[in-house]
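> What follows is a predicted structure for the sequence shown.
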Amino acid sequence: MSSYGAAAEESPLTESSKLLQIREIPGSYGLPFFGPIADRLAYFYTQGQDEFFRSRMQNYQSTVFRANMPPGPFQASNPNVIVLLDAKSFPILFDVSKVEKKNVFTGTFMPSTDYTGGYRVCSYLDPSEPKHALLKRFIFSTLASRHKLFIPEFRSSVSNDLFPVLEDQVSKKGKADFNTLNDTMSFSFVFRLFCDKDPSVTKIGSNGPTMLAKWLVFQLAPIITLGLTKKFPNFIEDVLFHMFPLPPFLVKSDYKKLYNAFSEYATQILNEAEGMGIKRDEACHNLVFLAGLNTFGGMKTLFPALMKWVGLAGEKLHQELAEEIRTVVKSEGGVTFSAIDKMALTKSVVYEALRIDPPVQFQYGKAKEDLVIQSHDAAFRVKKGEMMFGYQPFATKDPKVFENPEEFVGSRFVGEGEKLLKYVYWSNGRETDSPAVDNKQCPAKDFVVLVSRLMLIEFFLRYDTFTVEVGKLLLGEAVTVKSLTPAKSA
C-alpha cells in the first residue's frame, strides 16, 4: 500500500447514498458549575489534553460526544461543547452558512478587548458582520503589498539572526536552543516585513519577542497550563490562571510600546487602511494582532514543530530534501517563487508537519440552525445555538483517512498523495480551499506555507543533516539542536 494510505482510492469521505443512523450524541456535561471544573481538571492535570479526548472517544465508542472545554465558570458563559474528532464531521466548522464564528477565536471565552485597544479585531468577527469583510480585505491588501519582500526578508533573517547563532551555540555548548533563537529571528522578520525597519533601532530593541510572548500568554492563560504544577499543587495554578481572567493592565505598558512602534513605522500600511475607510487607530490594533498573534505567534509554534519532525525523521529524508532543494535552486538560478513551487518533496514535508502537528489545535462554531452532522459511523442532531468544537490533531490523524496517521511521512503528499490535501485542516479550512472575505480561513494561509518551505530551503542549502532533542514548553515544544553538519559544498 502506498505511503499516503488507502483513502485516496477509497474516498471514505465523499458523498454517499448510504444513510447513516441518527444517534443521540453521547456524553454529559455533569452538574452545573462542578461538571465544567471536573472536565477542566481532567483536561489540564489528571489526564492531559490528548488522553482527555481519547478516553472519552473510546468510552462512548464515538468520535462525536458532549464535554466541557476550559476555562469554565466565571470566564465562559457556556463551556458546554459538542466535540468533533474525525475528518468527516470536522469540516462543518468551516461552513459559515451553518455555524457562527463570532467571538470564538479562543473558544468558549473571549479575552478582554483591552488587550487590543478596545476593538474586536478581525479574528473575533463573524463574516456576517459588516466590518469583517473590510478588515479582512485590509489584511489581504497588507500581505499583497509586502509580497515581493517575503523571500528576501526571510532569507536575510535566517542567514543573519538564526543560523550563525545556532552554529555558534552548537560549537561552544554542544547544543542550541532553537525556540529562543527562532523567536528572535521571527520577530525581527515580522517587524521588518510590516514596518520596513529593524526593531533593534527602535525603542523596542531586543525586547519584542518577550513583550509579545507575555501579551500572548495573558490572553491565552485560561486555555493553557503554565507548568506551575511541578512546584505547586494543581489547584493553585487552576485558581490563579483558569478561574478568573488575568488583568490586561499587567501587560498594558508592553503592548503600548508595540502599538507605538507599529504606529510610527508602518505608516504606508496604515495610510492604505485609512484610504479603505478604516480608522487609523483600529487598523493599527488589527495590524499588531496580525503581526503579533497570527504571524509571530504562529511562527513561534510552527517552526519548532517543523524542525522537530524533520530532525527526528533522520538523515535519509535530510539527504532527499537537500538533493531536491539544491538541484532546483541551481537549475532555476536562485530561490524564487517558481523554484519553490517545483520542490515536490519540500512541499509535502511542510504539509505533513501541518497535518501531524497543526499550529492551531482548536476550532469552534455555534450552530446557526438545527443541523444533522455526520461522522464515519453515525449521524447526530445538533440544535441551533449549540457550540461545536473540533480538536484538530485528531481530525488530521484520522485513521480512516491516513495510513499510519501517527507517523511522520515526509513524502505523504507527493504525487497521488496530493489527493489527501483536502483533509489537511490547519488553516480553519481545507488546504485545497482559499481564504476569502466571506469565510474564516486564515488570510495568511499561503504565507505560512511559503515561509515554512523557505525555512527548509535555507536550512538544507546550508546544512546536510542535523539532530534534535525535544521537550515541553508553555506554548509548544522545546527543540534543542544537538548537531549540525554543514553542506559539503558550503
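Arrived safely. Numbers count the residues shown, from 1 in each chain.
> going forward, measure contacts between C-alpha atoms and count neighbours the same way
Will do.
> Heading C-terminal from the helix-or-strand element of the chain with minimal mean pLDDT, find the next helix or strand.
Sorted by mean pLDDT, DSSP states H and E, the helices and strands of the chain end with helix 7-10, the least confident at a mean of 41. Following helix 7-10 in sequence order, the next helix or strand is strand 22-23 (DSSP states H and E).
> which other helices and strands contact that following strand?
Counting by 3 or more Cα pairs under 8 Å, 6 or more residues apart in numbering; DSSP states H and E, the packing neighbours recorded for strand 22-23 are strand 379-382.
> Which other helices and strands does whichever helix or strand comes after the strand it packs on contact?
Remark: after strand 379-382, the chain's next helix or strand is strand 387-391, criterion DSSP H and E. Judged by 3+ Cα pairs under 8 Å, 6+ apart, the packing partners of strand 387-391 are strand 80-84, strand 362-367.
> out of those, nearest to V165?
Set against V165 and scored by Cα to Cα, these come closest in strand 362-367, at 33.8 Å.
> quick revisit: save the helices and strands packed on strand 387-391 as CSV, and put in distance to L456, mean pLDDT and mean neighbour count too.
CSV is the format used below for the helices and strands packed on strand 387-391 (distance: least, Cα to Cα, whole Å; pLDDT from 0 to 100; neighbours: other Cα atoms under 10 Å):
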stretch, distance to L456, mean pLDDT, mean neighbour count
strand 80-84, 33, 98, 25
strand 362-367, 26, 97, 24
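> Mind putting those into a markdown table with distance to Q268?
Formatted as a markdown table, these follow (distance: least, Cα to Cα, whole Å):
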| stretch | distance to Q268 |
| --- | --- |
| strand 80-84 | 43 |
| strand 362-367 | 33 |
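> Tell me which of those strands approaches F413 most closely.
Per Cα to Cα, nearest to F413 of the helices and strands packed on strand 387-391: strand 362-367, 23.3 Å.
> Show me how far the helix or strand just after that closest one is from its chain's centre.
Using DSSP H and E, the helix or strand that directly follows strand 362-367 along the chain is strand 371-374. Relative to the chain's own centre, strand 371-374 is displaced by 26 Å; criterion: Cα atoms, centre = their mean, to the nearest Å.
> and strand 371-374, which residues are buried?
Using 16 or more other Cα atoms under 10 Å as the test for burial, strand 371-374 gives L371, I373, Q374.
> any idea how far H242 is from the residue lying closest to the last one once chain neighbours are set aside?
Nearest residue to Q374, sequence neighbours excluded (Cα to Cα, 6 or more residues apart in numbering): S89, at 5.4 Å. Summarising the geometry, the distance separating S89 from H242, computed by Cα to Cα, to the nearest Å, is 29 Å.
> Between the two, which is the more surrounded one?
Each of S89 and H242 has its neighbours counted (other Cα atoms under 10 Å); H242 has more, 25 against 21.
> got a list of what the closest residue to the more buried one other than its chain neighbours touches?
Distances taken as Cα to Cα, 6+ apart place P222 nearest to H242, at 4.6 Å, with adjacent residues excluded. For P222, the contacting residues are P70, P71, F241, H242, M243, F244, P245, taking Cα atoms under 8 Å, 6 or more residues apart in numbering as the criterion.
> helix/strand/coil for the closest residue to G27 other than its chain neighbours?
Closest residue to G27 apart from its sequence neighbours, by Cα to Cα, 6+ apart: R66 at 4.6 Å. Assigned by DSSP: H, G, I helix; E, B strand; the rest coil, the conformation of R66 is strand.
> Next up, the contacts around R66.
By Cα under 8 Å, 6+ apart, the neighbours of R66 are I25, P26, G27, S28, Y29, N80, V81, I82, V83.
> go with 6 Å
By Cα atoms under 6 Å, 6 or more residues apart in numbering, R66 lies in contact with G27, S28, V81, I82, V83.
> The fourth one against Y391, yeah?
No: under the criterion of Cα atoms under 6 Å, I82 is not in contact with Y391, lying 10.8 Å apart.
> Looking at the helices and strands packed on strand 387-391, which is nearest to S206?
strand 362-367 (31.3 Å).
> That closest one: partners in the sheet, and parallel or antiparallel?
strand 99-100 (antiparallel), strand 387-391 (antiparallel) (DSSP bridges).
> And those strands: which comes nearest M299?
strand 387-391 (20.3 Å).
> Identify the residues contacting that closest one?
V81, I82, V83, L84, L85, F90, Q361, F362, Q363, Y364, G365, K366.
> Tell me how far the nearest residue to the third one once chain neighbours are set aside lies from T396.
It stands for V83. Distances taken as Cα to Cα, 6+ apart place F389 nearest to V83, at 4.9 Å, with adjacent residues excluded. As judged by Cα to Cα, F389 and T396 stand 14 Å apart.
> Same check on F447?
From F447 over to T396 (counting by Cα to Cα), the distance is 21 Å.
> Looking at those two, which has the bigger crowd around it?
It is T396, of F447 and T396, that has more neighbours when counted by other Cα under 10 Å, with 26 against 15.
> nearest residue to that one other than its sequence neighbours?
Spatial nearest neighbour of T396, chain neighbours left out: R355 (5.6 Å); criterion: Cα to Cα, 6+ apart.
> measure the one you found to F413 for me?
Taking Cα to Cα, one finds R355 at 11 Å from F413.
> how many other residues sit next to the residue lying closest to A344 once chain neighbours are set aside?
Closest residue to A344 apart from its sequence neighbours, by Cα to Cα, 6+ apart: V414 at 6.2 Å. Burial of V414 is recorded as 19 neighbouring residues (other Cα under 10 Å).
> before we move on, the earlier item: and the residue nearest to H242, what's its pLDDT?
Among the per-residue scores, P222 holds a pLDDT of 93.
> Go ahead and report the secondary structure state at it.
Per three-state DSSP, P222 ends up helix.
> gap between it and V239?
Taking Cα to Cα, one finds P222 at 10 Å from V239.
> Direction included, what does the one helix or strand S483 maps to pair against?
For S483, the host element (DSSP H and E) is strand 477-486. Its sheet considered, strand 477-486 pairs with strand 176-177 (antiparallel), strand 463-472 (antiparallel) by DSSP bridges.
> Take the ones you listed and lay them out in a markdown table including mean neighbour count and mean pLDDT.
Formatted as a markdown table, the strands paired with strand 477-486 follow (neighbours: other Cα atoms under 10 Å; pLDDT from 0 to 100):
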| stretch | mean neighbour count | mean pLDDT |
| --- | --- | --- |
| strand 176-177 | 20 | 96 |
| strand 463-472 | 17 | 95 |
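> circling back to that earlier point, save the strands paired with strand 362-367 as JSON lines, and put in mean neighbour count, distance to L143 and mean pLDDT too.
Output for the strands paired with strand 362-367, formatted as JSON lines (neighbours: other Cα atoms under 10 Å; distance: least, Cα to Cα, whole Å; pLDDT from 0 to 100):
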{"stretch": "strand 99-100", "mean neighbour count": "23", "distance to L143": "26", "mean pLDDT": "98"}
{"stretch": "strand 387-391", "mean neighbour count": "24", "distance to L143": "28", "mean pLDDT": "98"}
